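Undergrad: pasting the sequence and the predicted coordinates here, then a few questions.
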Amino acid sequence: MDLVLTGVEIYTPWEVIRPATLEVRDGRIHRIREGRSPKGEDLVGALVVPGFVDLHIHGYRGFDTNSGDPEALLSLAEVLARFGVTAFLPTAVTAPREGLLRAAEAVAEAIRAQGDRPRGARVLGLHLEGPYINPGKAGAQNRDFIREPDWEEFLSIWKASGGNIRAITVAPELPGALPFIAKASELGVTVSIGHTEATYEQAEAAIRAGARRATHLFNAMPRVHHRDPGAAVACLLASEVVAELIADLVHVSAPMLRLAWRVAGPERISLVTDAIPAGGLPDGSYELGGLPVEVKDGVARLGNGALAGSTLTMDRAVRNMVSIGVPLREALAMATAVPARADHRWDLGILAPGARADFLVLDRELHVQRLYIGGERVL
Ligand SMILES: [Zn+2]
């Protein structure tokens, strides 16, 4: 056996096993069993949980997913590991075609460079946040580059990514959006409803066309109204849709987080950071997609006051959910198994025989003590 950890409390995340022994062989979980083992390293009650999977992140500590630089993505992968992330979707904001082509090539190159032995979080592929979104709900996206769905352009970016576009955020009410959603879904790209003014009915039509995710539910969507429920309610009610939530307690209030969790969760809620390159850096002036961003007390805003992504980390998102009353098991699922499944990664985000040995050791306050990727200790 390559690695045996014992005396731990395992969250698979759906099940809790304690005391438990975890055995790793050839980079994968070999066995999980109840009880202690005299052979393993005894971690005396520490928590062992799957590594976090972030489906929506633009950067951190200065590393930018729009930079078109594979080295920046590899560095970002190492930085994110410190916050418990073992896999992520670099997410490109709306940009001119050239910029998106470069971002796509960089993701393909980073995936190649990581191979089977990544030194940081696994780069799963690209999430394109736009450019086919509603300028009326641009949020922190640069309106100059927002456009209508263009299948030929999308295909060129998809090719540049080596087929590694995993998700695209689209506003379903745009002209041509529904056939675009159907074609992208058929290609294996998950379509996420977001940056949208879609009505309830328009969002339902998008789900019928194949959309399976919601991009930062409630943010950059019509407000929920009891006679005009809008896209957010359509996504919450549709059993096929996994909804992203930015649980920094700034983007969405605690009662609305609880509402989403009670309606859809934990099986259909994916915690995301939507973190930006200014995350993890001191307060000050930065840039996002060519727009000036001001970070104050860790909250990033444009000049007009709109929230501009977050400075959140996945470990904090989990702690925040627990702090508002969500059971740990469910908060962990929303950061691990659910996002992995939403990206069709069946051997990630879960601790079970055969799954990748990507996992964390947490203390009782849910701070990351250790991180393993493919059974190798990275942190
Ligand atoms: Zn974003």
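TA: Sure thing, it's come through. Numbers count the residues shown, from 1 in each chain.

Undergrad: strands of the stretch 1-150 of the chain, start to end?
TA: Read by DSSP state E, counting those that start in this stretch, the stretch 1-150 of the chain holds these strands, from start to end of the chain: 3-11, 16-25, 28-34, 41-42, 47-50, 52-57, 59-60, 63-64, 85-93, 122-123, 126-129.

Undergrad: in CSV, list these along with distance to the ion and mean pLDDT.
TA: (C-beta placed from N, C-alpha, C; glycine too.) Listed next are those as CSV, based on distance: least, C-beta to the ion, whole Å; pLDDT from 0 to 100:
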stretch, distance to the ion, mean pLDDT
strand 3-11, 28, 98
strand 16-25, 32, 98
strand 28-34, 32, 98
strand 41-42, 39, 97
strand 47-50, 23, 98
strand 52-57, 6, 98
strand 59-60, 10, 98
strand 63-64, 12, 98
strand 85-93, 6, 98
strand 122-123, 17, 98
strand 126-129, 5, 98
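
Undergrad: mean neighbour count added to those strands, as CSV?
TA: Formatted as CSV, the strands of the stretch 1-150 of the chain follow (neighbours: other C-beta atoms under 10 Å):
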stretch, mean neighbour count
strand 3-11, 21
strand 16-25, 19
strand 28-34, 16
strand 41-42, 14
strand 47-50, 25
strand 52-57, 30
strand 59-60, 28
strand 63-64, 24
strand 85-93, 30
strand 122-123, 26
strand 126-129, 30
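
Undergrad: between these, which one is nearest to residue 352?
TA: Nearest of those to residue 352, taken as C-beta to C-beta: strand 28-34 at 6.2 Å.

Undergrad: list the helices and strands the closest one packs on?
TA: Judged by 3 or more C-beta pairs under 8 Å, 6 or more residues apart in numbering; DSSP states H and E, strand 28-34 is in contact with strand 16-25.

Undergrad: what's the angle from the strand it packs on to strand 3-11?
TA: When axes from the mean of the first three to the mean of the last three C-alpha atoms, to 10 degrees is applied, the directions of strand 16-25 and strand 3-11 differ by 150 degrees.

Undergrad: ok and strand 16-25 relative to strand 28-34, angle-wise?
TA: 140 degrees.

Undergrad: so in that sheet, which strands flank strand 16-25, and in what orientation?
TA: Under the criterion DSSP bridges, strand 16-25 sits next to strand 3-11 (antiparallel), strand 28-34 (antiparallel) in its sheet.

Undergrad: from the chain's centroid, how far away is the longest one?
TA: Computed by C-alpha atoms, centre = their mean, to the nearest Å, the separation of strand 3-11 from the middle of its chain amounts to 26 Å.

Undergrad: closest residue of this protein to the ion?
TA: Proximity to the ion, evaluated over the chain using C-beta to the ion, is greatest for residue 274 at 4.3 Å.

Undergrad: so how far is stretch 363-379 from its chain's centroid?
TA: Using C-alpha atoms, centre = their mean, the distance from the centre of stretch 363-379 to the centre of the chain it belongs to is 19 Å.

Undergrad: buried residues in that stretch?
TA: By neighbour count, and taking 16 or more other C-beta atoms under 10 Å as the criterion, the buried residues in stretch 363-379 are 366, 368, 370, 371, 372, 373, 374, 375, 376, 378, 379.

Undergrad: same check, this time on stretch 250-263
TA: If you call a residue buried by 16+ other C-beta under 10 Å, then stretch 250-263 has these buried ones: 251, 252, 257, 258, 259, 260, 261.

Undergrad: make TSV from the residues you listed and add pLDDT and secondary structure to it.
TA: Conversion of the buried residues of stretch 250-263 to TSV gives the following (pLDDT from 0 to 100; DSSP: H, G, I helix; E, B strand; the rest coil):
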residue	pLDDT	secondary structure
251	98	coil
252	98	coil
257	98	helix
258	98	helix
259	98	helix
260	98	helix
261	98	helix
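
Undergrad: please, where are all the helices along the protein?
TA: 70-81, 97-114, 151-160, 177-186, 200-209, 230-237, 254-264, 314-323, 328-335, 337-342 (DSSP state H).

Undergrad: turn the ones you listed into TSV, columns for distance to residue 10.
TA: Converted to TSV, the helices of the chain look like this (distance: least, C-beta to C-beta, whole Å):
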stretch	distance to residue 10
helix 70-81	20
helix 97-114	26
helix 151-160	38
helix 177-186	35
helix 200-209	35
helix 230-237	31
helix 254-264	23
helix 314-323	16
helix 328-335	11
helix 337-342	13
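
Undergrad: and the end-to-end length of stretch 108-121?
TA: Taking C-alpha to C-alpha, to the nearest Å as the measure, stretch 108-121 stretches 15 Å from start to finish.

Undergrad: which of the buried residues of stretch 250-263 are close to the ion?
TA: Checked against the ion using C-beta under 5 Å from the ion, the buried residues of stretch 250-263 yield no neighbours at all.

Undergrad: wait, residue 140 sits on residue 308?
TA: Yes. Using C-beta atoms under 8 Å, residue 140 and residue 308 qualify as a contacting pair, with a distance of 3.6 Å.

Undergrad: hang on, the earlier thing: of all the buried residues of stretch 363-379, which comes closest to residue 217?
TA: Nearest to residue 217 among the buried residues of stretch 363-379, with distances taken as C-beta to C-beta, is residue 366, at 23.2 Å.
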